[in-house]
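Student: Starting from these lines, generate the structure:
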Amino acid sequence: MAQMFVNGESVDSISGEVTEIYNPANGDLVDTVPKGTKDDARQAIDVAYDAFQAWWDTPFSKRGEILFNASHLIRENEKELATLLTKEQGKPLREAFLEIQRFAHTLDHYAGLAKNIRGGYVPLLDASRHGLILKRPLGVCGAIIPWNFPVSLMGNKLAPGLIAGNTFVVKPAGTTPLTATKVIELMFKAGLPKGVLNIVTGPGSTVGQEIIENSKVRKIGFTGSTEIGRKVMEAAAREIKRVTLELGGSDPMIVCEDGDIDKAVSAASVGRFFNCGQACLAVKRLYLFEQIADEFIEKLTVKAKKLRVKDGMAEGAMIGPMHSTSQREEVEMQIQDAVDKGARILVGGKRPEGAEYEKGYFYMPTLLTDIDESSKIVQEEVFGPALPIMRVGDLDEALAKANNHIYGLGSSIWTRDINRAHFAAERFESGYTWINSAQIIFDQLPFGGFKQSGLGKEHGSEALDYYMETKSVVVATS
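Tutor: Predicted structure coming up:
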């Protein structure tokens with residue numbers, strides 16, 4: 001049985017209860033984890049609170065050294081970690097390796113920034129005073145992590161927060177706690193002091209709620225649905241607690257008549273079907289200029305038919321199962337709603353057949369056209385392998401439809417006209433725009449959404465601002 005990790009030790013829940021973790025590809029039991037309680041969360045918060053002062057007093061360079069060591073250990077153990085991640089989450093093994101490597105890369109990035117964190121100096125406020133601008137950590141931070149990228153999304157919070165001098169209590173998703181716990185154990189072995197980084201497994205209604213409401217927690221980093229994000233924000237508001245919210249998305253992709261069709265087709269396929277479409281940044285709405293729509297649709301359909309749906313551990317797997325039966329049923333409902341409104345399925349639109357698929361939550365990669373814009377598949381976030389394709393006459397129409405949504409996380413445009421590309425980048429109501437590029441996130445650039453896609457920034461040096469207080473000091477010199 002796996003255990004939680006608190007104060008540098010593997011521990012069970014106070015209640016003694018456990019939760020079973022199953023493989024979404026075949027229903028096999030992977031392991032059990034403690035079913036944490038409010039008391040478990042409170043104990044971990046107290047530990048992190050007590051460890052804060054010593055970690056704050058640790059020099060930035062030393063914090064960076066520890067994160068570099070942790071990155072090295074993660075890479076040494078990436079095969080074991082990736083295998084465990086595939087078993088509990090479902091994604092193909094090659095995608096699991098990429099996620100573990102992404103986590104290590106994020107640690108490296110912020111470790112490299114450690115020596116560059118500084119305040120400021122204002123020489124002459126008046127004749128006898130100068131000013132200082134100080135940066136200090138917040139204290140105990142809570143990180144609430146989703147199931148779709150349970151390791152890399154944890155890194156987005158831990159790396160800047162730890163470098164800034166904060167301590168953490170992590171609550172992983174109830175269905176994917178195993179790899180995250182192993183990663184935190186390795187970070188402790190790399191030199192993190194006891195109590196600086198803790199993980200408590202258990203329900204959001206108990207463990208998560210205690211982390212959000214406990215007065216010793218000064219900041220919440222949350223990634224998940226917009227619905228739950230609202231509740232996190234409401235609870236945090238009672239104590240004016242800082243929050244960073246990375247929420248839902250329905251990212252539009254526009255392909256103009258002069259775009260590179262072959263590269264755009266590949267980007268649409270990867271952008272929609274990576275992680276079985278279960279990504280906030282997935283391409284979720286495709287807008288094609290009428291002049292190239294037929295060619296593009298034909299090539300994308302051919303590519304989608306070649307995608308191999310298998311158990312993530314199977315050789316040659318390109319798409320694994322969806323994570324749960326409820327996720328699959330929701331996508332099926334969204335597709336059926338589109339069909340009821342006149343949509344035509346070009347490929348997929350069903351569960352794969354055969355004995356190897358009977359116990360898992362598999363679904364075929366799906367493309368739809370002739371879409372009614374009022375369909376759920378356009379108006380809601382679709383967290384699965386289904387892509388609606390719409391035709392547009394020009395860029396103004398494409399941008400109007402792309403922006404007509406409650407979400408504003410990512411967006412992309414394909415064109416050889418640099419002026420048109422920059423115009424679209426300015427007009428997209430989204431926090432991240434790719435021009436002639438697949439949806440790749442870089443640690444150097446800030447990431448966060450507009451509208452109901454979130455609040456605050458992760459990645460980039462900007463992420464540090466959300467884990468530090470800025471303080472002004474006035475010094476009289478005469």
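Student: Could you look up the SS state of residue 141?
Tutor: When classified by DSSP: H, G, I helix; E, B strand; the rest coil, residue 141 comes out as strand.
Student: Can you name the residues that contact it?
Tutor: Going by Cβ atoms under 8 Å, 6 or more residues apart in numbering, residue 141 touches 157, 161, 166-169, 217-221, 467. Every C-beta, even on glycine, is put in place using the N, C-alpha and C of the backbone.
Student: same thing with residue 363?
Tutor: 276, 309, 321-322, 328, 331-332, 348, 350-352, 384-385.
Student: gap between it and residue 91?
Tutor: Distance, residue 363 to residue 91, using Cβ to Cβ, to the nearest Å: 14 Å.
Student: neighbours around the closest residue to residue 180 other than its chain neighbours, how many?
Tutor: Once flanking residues are discounted, residue 180 sits nearest to residue 172: 4.4 Å by Cβ to Cβ, 6 or more residues apart in numbering. By the criterion of other Cβ atoms under 10 Å, residue 172 has 28 neighbours.
Student: My read is that residue 172 contacts residue 184, right?
Tutor: No. Residue 172 is not in contact with residue 184 according to Cβ atoms under 8 Å; the separation is 9.4 Å.
Student: can you give me the helices in the stretch 1-150 of the chain?
Tutor: 38-57, 60-76, 78-89, 93-113 (DSSP state H, counting those that start in this stretch).
Student: Which neighbouring elements make contact with the second one?
Tutor: Packed against helix 60-76 by the contact rule (3 or more Cβ pairs under 8 Å, 6 or more residues apart in numbering; DSSP states H and E) you find helix 93-113, helix 152-164, helix 178-189.
Student: Only the C-alpha atoms, please, for the longest one, written as CSV.
Tutor: Provided in CSV are the C-alpha atoms of helix 93-113 (Å, rounded to 0.1, in the frame of the first residue of the first chain):
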residue,chain,number,x,y,z
LEU,A,93,3.8,5.4,-21.9
ARG,A,94,5.6,7.7,-24.2
GLU,A,95,3.4,10.6,-23.1
ALA,A,96,4.0,9.7,-19.4
PHE,A,97,7.8,9.9,-20.0
LEU,A,98,7.2,13.4,-21.5
GLU,A,99,5.3,14.5,-18.4
ILE,A,100,8.0,13.3,-16.0
GLN,A,101,10.6,15.1,-18.1
ARG,A,102,8.5,18.2,-18.2
PHE,A,103,8.4,18.2,-14.4
ALA,A,104,12.2,17.9,-14.2
HIS,A,105,12.6,20.7,-16.7
THR,A,106,10.4,23.0,-14.7
LEU,A,107,12.5,22.3,-11.5
ASP,A,108,15.7,23.1,-13.5
HIS,A,109,14.2,26.4,-14.8
TYR,A,110,13.3,27.8,-11.5
ALA,A,111,16.4,26.5,-9.8
GLY,A,112,18.3,28.5,-12.5
LEU,A,113,16.3,31.6,-11.6
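Student: list residues touching both of residue 363 and residue 91?
Tutor: Counting by Cβ under 8 Å, 6+ apart, the residues touching both residue 363 and residue 91 are residue 276.
Student: mind listing the strands for the stretch 201-350 of the chain?
Tutor: Counting by DSSP state E, counting those that start in this stretch, one finds strands in the stretch 201-350 of the chain at the ranges 217-223, 242-246, 251-255, 283-289, 344-347.
Student: Residues contacting the fourth one, please?
Tutor: Contacts of strand 283-289 with the rest of the structure, by Cβ under 8 Å, 6+ apart, involve 249-257, 267-268, 271-272, 296-297, 378, 381-382, 387-394, 398, 401-402, 412, 439.
Student: so what are the domain limits for this protein?
Tutor: With domains defined by automatic domain parsing, the chain comprises 4-247+453-476, 251-442.
Student: can I get these in JSON lines with mean pLDDT?
Tutor: Shown next, in JSON lines, are the domains of the chain (pLDDT from 0 to 100):
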{"stretch": "domain 4-247+453-476", "mean pLDDT": "97"}
{"stretch": "domain 251-442", "mean pLDDT": "97"}
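Student: For residue 242, find the nearest of the helices of the stretch 1-150 of the chain.
Tutor: For the helices of the stretch 1-150 of the chain, proximity to residue 242 was assessed by Cβ to Cβ; helix 38-57 is nearest, at 15.2 Å.
Student: distance between stretch 426-441 and the chain's centre?
Tutor: Centroid displacement of stretch 426-441 relative to its chain, using Cα atoms, centre = their mean, to the nearest Å, is 16 Å.
Student: Highest neighbour count among the contacts of residue 141?
Tutor: Counting neighbours by other Cβ under 10 Å, the top entry in the contacts of residue 141 is residue 169, with 31 neighbours.
Student: got a list of what the nearest residue to residue 421 once chain neighbours are set aside touches?
Tutor: Leaving aside its sequence neighbours, residue 421 sits nearest to residue 435 (Cβ to Cβ, 6+ apart; 4.6 Å). If you count contacts by Cβ under 8 Å, 6+ apart, residue 435 has them with 412-415, 421-422, 424-425.
Student: swap the cut-off to 10 Å and go again
Tutor: Counting by Cβ atoms under 10 Å, 6 or more residues apart in numbering, residue 435 makes contact with 411-415, 418, 420-422, 424-425.
Student: Next: residue 384.
Tutor: 272-273, 276-278, 282, 284, 322-323, 327-332, 334-335, 361, 363, 365-366.
Student: Which among those residues count as buried?
Tutor: 272-273, 276-278, 282, 284, 322-323, 327-328, 330-332, 334-335, 361, 363, 365-366 (16 or more other Cβ atoms under 10 Å).
Student: among the contacts of strand 283-289, which are in helices?
Tutor: 267-268, 271-272, 296-297, 378, 398, 401-402 (DSSP state H).
Student: out of those residues, who's nearest residue 153?
Tutor: Residue 153 lies nearest to residue 271 out of these, by Cβ to Cβ, at 17.7 Å.
Student: how close does the closest one get to residue 300?
Tutor: Distance, residue 271 to residue 300, by Cβ to Cβ: 11 Å.
Student: roughly how far apart are residue 266 and residue 453?
Tutor: Counting by Cβ to Cβ, the gap from residue 266 to residue 453 is 25 Å.
Student: Oops, could you answer that again for residue 224 instead?
Tutor: Counting by Cβ to Cβ - residue 224 and residue 453 are separated by 12 Å.
Student: These two: which is more packed in?
Tutor: More crowded of residue 224 and residue 453, by other Cβ under 10 Å: residue 453, with 29 against 23.
Student: contacting residues around that one?
Tutor: So residue 453 contacts 226, 229, 245-251, 280-281, 381, 405-410, 429-432 (Cβ under 10 Å, 6+ apart).
Student: Pull out the buried residues from those.
Tutor: 226, 229, 245-251, 280-281, 381, 405, 407-410, 429-432.
Student: Mutual contacts of residue 271 and residue 300, please.
Tutor: With contacts taken as Cβ under 10 Å, 6+ apart, the residues that reach both residue 271 and residue 300 are 264, 286, 387.
Student: Can you lay out the residues you listed as TSV showing distance to residue 199?
Tutor: As requested, the shared contacts of residue 271 and residue 300 are exported to TSV (distance: Cβ to Cβ, whole Å):
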residue	distance to residue 199
264	41
286	38
387	35
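Student: Pick out whichever of those sits closest to residue 343.
Tutor: Nearest to residue 343 among the shared contacts of residue 271 and residue 300, with distances taken as Cβ to Cβ, is residue 387, at 11.4 Å.
Student: Tally up the residues packed near that closest one, please.
Tutor: Using other Cβ under 10 Å, residue 387 has 29 neighbouring residues.
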